[in-house]
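Visitor: sequence first, predicted model second:
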Amino acid sequence: GAVVSQHPSWVICKSGTSVKIECRSLDFQATTMFWYRQFPKQSLMLMATSNEGSKATYEQGVEKDKFLINHASLTLSTLTVTSAHPEDSSFYICSARRGGSTETQYFGPGTRLLVL
Amino acid sequence: QKEVEQNSGPLSVPEGAIASLNCTYSDRGSQSFFWYRQYSGKSPELIMFIYSNGDKEDGRFTAQLNKASQYVSLLIRDSQPSDSATYLCAVNLDLAGKSTFGDGTTLTVKP
């Protein structure tokens, strides 16, 4: 199977600090990674699409200067929430896709962020 | 109109029954269709994907796709309490391959 890991699994931080979340594909090379956010009892909302070696494509309404995405290799993408505020508290989930556009996404276990 | 629509539920079925989950999508050019299961507090996990019209079976799960009517469904046979979760329908709407998710249907299987 295709395994995707995320680190950390949960984080608590003070308002104004930055938080970095890592997403790794452990047993395959991910040409594309996606970052989602999910608030309680709501559906997944795509934040951005990340392709290795190129700039991320952000969805409408997502601030690219606040949510910095780096996809430095075929197995690692990072999301940095800069100057986090309580309203950024959410469940952040990454997914990775192996190949073409019809390929399945494999989800990481998610990172729960709480900003105090 | 949402791009991907699901009945929010909750859908409740007795143990051993067939659970039927439905999803409609708006873009006729959609290429691929996925069903994910999400337990409370966890990330989604893939159940099935389907690309072609018709039925696709995997164990107790059957996905059905009808592109003419723009719907995709998931049948769960012999439902178990462990099937209780939120089921997300996802559709790849464009060539970039990003998926758009429905809001999910919450299924409860009662012992």
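Guide: Here it is on my side, so go on.
Visitor: please, where are all the strands along the chain?
Guide: Just so you know, I chose chain A. A:4-7, A:10-13, A:19-25, A:32-38, A:45-51, A:57-58, A:67-73, A:76-81, A:90-97, A:105-107, A:111-115 (DSSP state E).
Visitor: I was after chain B.
Guide: Under DSSP E, chain B gives strands at B:4-6, B:11-14, B:19-25, B:32-38, B:45-50, B:54-58, B:61-66, B:71-76, B:85-92, B:99-101, B:105-110.
Visitor: relative to residue B:50, how far out is residue A:6?
Guide: 27 Å (C-beta to C-beta, to the nearest Å). All C-beta atoms are positioned from the backbone trio N, CA, C, and that covers glycine.
Visitor: wait, residue B:33 touches residue B:66, no?
Guide: No. Look at residue B:33 against residue B:66 with C-beta atoms under 8 Å: they stay out of range, at 10.5 Å.
Visitor: which of those two has more neighbours?
Guide: residue B:33 (28 against 12; other C-beta atoms under 10 Å in any protein chain shown).
Visitor: beta partners for the more buried one?
Guide: Going by DSSP bridges, residue B:33 is paired in beta bridges with residue B:50, residue B:91.
Visitor: pull the contacting residues for it.
Guide: Counting by C-beta atoms under 8 Å, 6 or more residues apart in numbering or on different chains, residue B:33 touches B:23, B:25, B:49, B:50, B:51, B:63, B:65, B:72, B:89, B:90, B:91, B:92.
Visitor: quick revisit: what touches both of residue B:33 and residue B:66?
Guide: With C-beta under 8 Å, 6+ apart as the test, residue B:33 and residue B:66 both reach residue B:72.
Visitor: may I have the strands that pair with the helix or strand bottoming out on mean pLDDT in chain B, each with its orientation?
Guide: Within chain B, no helix or strand scores below strand B:99-101, which has a mean of 88 by mean pLDDT, DSSP states H and E. Looking at strand B:99-101 with DSSP bridges, its partner strands are strand B:85-92 (antiparallel).
Visitor: I figured residue B:22 hits residue B:71, correct?
Guide: Yes. Counting by C-beta under 8 Å, residue B:22 touches residue B:71, with 6.3 Å between them.
Visitor: where does the chain dip in pLDDT?
Guide: Let's take chain A. The model of chain A has pLDDT under 70 over residues A:1, A:99-102.
Visitor: switch to chain B, please.
Guide: Segments of chain B classed as low confidence (criterion: pLDDT under 70) are B:1, B:94-96.
Visitor: contact residues of it facing chain A?
Guide: By the rule C-beta under 8 Å from any C-beta of the partner chain, the part of chain B lying against chain A is B:31-32, B:34, B:36, B:42-46, B:49, B:51, B:88, B:92, B:94-104.
Visitor: for residue B:60, see how far away residue B:35 is.
Guide: Counting by C-beta to C-beta - residue B:35 and residue B:60 are separated by 13 Å.
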